[in-house]
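Trainee: got a predicted model here, sequence first, then my questions.
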Amino acid sequence: MADGGGPEVHDEHVCKQVDGKMTRVFELFGKRWTGLIVAVLTEQGAYFAELRRAIPGISERMLSDRLTELSAAGLVVREVDHGPPLRVAYRLTEAGKALEPALKELGQWAEDHLPEGGGCPEQFRR
């Protein structure tokens, strides 16, 4: 409410801004590798080394950073298997699992509308 007691009226600039919900989504999923990590974990939980093998090109440091972010966002749970050997497993929370339909839709959209390989020449897709 504005000070005059009536409803607050925004100017054109405020009304044309990106929706705050979409901003929050893309602050997390706009980062490279994040969506792929979640996609792998929708199939089943995985140990760190399994995630690393499932996502070619991701470094251990980047995988660790992205898993930390996903955990902080409440999408991934980290579980330590004290072994031996000591291993760390990751699985999706209920909030993370709720992303599966959206990821499937995005995959279908990519199949329908993006060229194979995302338009990258063959030598860059290895």
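Mentor: Here it is on my side, so go on.
Trainee: residues contacting residue 88?
Mentor: Contact partners of residue 88, counting by C-beta atoms under 8 Å, 6 or more residues apart in numbering, are 47-48, 78-81. Yep, even glycine has a C-beta here, placed from its N, CA and C like the rest.
Trainee: check residue 69 too.
Mentor: 28, 31, 34.
Trainee: out of those residues, the closest to residue 63 would be?
Mentor: residue 34 (10.5 Å; C-beta to C-beta).
Trainee: how many residues are close by that closest one?
Mentor: When neighbours are defined as other C-beta atoms under 10 Å, residue 34 has 18 of them.
Trainee: so where is the chain shaky, pLDDT-wise?
Mentor: 1-8, 10-16, 117-126 (pLDDT under 70).
Trainee: repeat the analysis, applying 50 as the threshold.
Mentor: 1-2, 125-126 (pLDDT under 50).
Trainee: please enumerate the strands of this structure.
Mentor: Assigned by DSSP state E, the chain shows strands spanning 46-47, 76-81, 87-92.
Trainee: buried subset of the contacts of residue 88?
Mentor: Those of the contacts of residue 88 that meet the buried threshold are residue 48, by 16 or more other C-beta atoms under 10 Å.
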